[in-house]
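Engineer: output the structure for:
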Amino acid sequence: MRLKIILLALFMSFVLAGCGDDSPEAKLSSINELLAKNIPMNAEQKSDIDKFVGEGKRLLAEGKSEESSLALDSAYKVLKHAEDAAMFNKSE
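Structural biologist: Sure thing, here's the model as predicted:
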């Protein structure tokens, strides 16, 4: 019984991992969704996001998908950090 549960959990993790879209376009869409929330950010965070998104778009236009994904990941991380900080500050 325990083996069946473990196998089912492994199977589901592989299925879910395969469903994710890691394309730069999908990452850019996620970034745009977060930006639409008007998350409070400091000037440095806004500057970093603009820099990373600009770099990601430029690299994507040059056909460098992997490098573009890395730049967009960095922008997404800054946004998520700002969102988490805003939620934490809101709860106080």
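
Engineer: what about the helices in this protein?
Structural biologist: Ranges of helices within the chain are 2-19, 24-36, 43-61, 65-91, based on DSSP state H.

Engineer: and the average pLDDT for the last one is what?
Structural biologist: Over the span of helix 65-91, the pLDDT mean works out to 88.

Engineer: now stretch 27-42
Structural biologist: Across stretch 27-42, the per-residue pLDDT values average to 90.

Engineer: now the helices of the chain as JSON lines including mean neighbour count?
Structural biologist: All C-beta atoms are positioned from the backbone trio N, CA, C, and that covers glycine. Shown next, in JSON lines, are these (neighbours: other CB atoms under 10 Å):
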{"stretch": "helix 2-19", "mean neighbour count": "9"}
{"stretch": "helix 24-36", "mean neighbour count": "15"}
{"stretch": "helix 43-61", "mean neighbour count": "16"}
{"stretch": "helix 65-91", "mean neighbour count": "16"}
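
Engineer: which residues are in contact with the closest residue to residue 35 other than its chain neighbours?
Structural biologist: The shortest distance from residue 35 to any residue that is not its chain neighbour, by CB to CB, 6 or more residues apart in numbering, is 7.1 Å, and that residue is residue 79. With contact taken as CB atoms under 8 Å, 6 or more residues apart in numbering, residue 79 is in contact with 31, 34-35, 39, 49.

Engineer: what do you get for residue 82?
Structural biologist: Contacts for residue 82 (CB under 8 Å, 6+ apart) come out as 39-41, 45.

Engineer: which of the residues you listed are buried?
Structural biologist: When the contacts of residue 82 are checked for burial by 16 or more other CB atoms under 10 Å, the buried set is 39, 41, 45.

Engineer: ramachandran angles for the first one?
Structural biologist: Dihedral angles phi and psi of residue 39 (degrees, to the nearest 10) take the values phi -70, psi 130.

Engineer: surely it touches residue 86?
Structural biologist: Yes: using CB atoms under 8 Å, residue 39 is in contact with residue 86, at 5.4 Å.
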